[in-house]
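Enquirer: Give me the fold of what follows.
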Amino acid sequence: MLYMLRLIAIAAFIFTANLNLFAQQDTSGWVQSGNALFQRMQVDSITQFGLSVSGDTVWTYSKDNVLRFWKVEDGKLIFEKSFDGAYVISRDLKTYFKIDKELIYNIRFEVYDMKTDSLI
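Expert: Next up, the predicted model:
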């Protein structure tokens with residue numbers, strides 16, 4: 001009886017360990033279809049994108065207000081940052097800004113530092 005309980009405990013442990021491994025798998029990366037590469041990770045519609053100066057990173061900004069950096073080599077997600085509203089990302093990735101249009105004559109620009117999230 002003790003032998004059966006140990007066997008059940010070991011089986012439960014292995015099952016749980018496999019579930020944890022499955023949950024930790026990275027869902028990003030390139031998938032090839034013909035001559036094109038597609039991102040495996042599902043994201044909202046992309047509103048901005050660019051290539052880093054070094055050429056090793058692609059960045060995207062999506063409709064759900066998330067900035068993501070992807071490795072060009074394998075398409076793996078290396079950075080992700082959520083914003084509380086719609087912003088425009090600068091090409092050098094050092095700043096981002098928001099435009100508030102309260103009235104046609106009352107437009108406010110807010111420029112933020114990307115690293116510190118502080119208003120410039």
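Enquirer: Okay, now the unreliable bits of the protein?
Expert: For the chain, applying pLDDT under 70 flags the ranges 1-26, 101-104.
Enquirer: SS state for the closest residue to Thr57 other than its chain neighbours?
Expert: Spatially, and ignoring its direct neighbours in sequence, Thr57 is nearest to Phe69 (5.2 Å; C-beta to C-beta, 6 or more residues apart in numbering). Placement of C-beta: from N, CA and C, glycine included. Following DSSP: H, G, I helix; E, B strand; the rest coil, we place Phe69 in the strand state.
Enquirer: quick one: contacts for Lys63?
Expert: For Lys63, the contact set (C-beta atoms under 8 Å, 6 or more residues apart in numbering) comprises 44-47.
Enquirer: Of these, which is the nearest to Leu37?
Expert: Set against Leu37, the nearest of the contacts of Lys63 by C-beta to C-beta is Ile46 (14.6 Å).
Enquirer: I'd assumed Val72 was in contact with Asp56.
Expert: Yes: under the criterion of C-beta atoms under 8 Å, Asp56 makes contact with Val72 at 5.4 Å.
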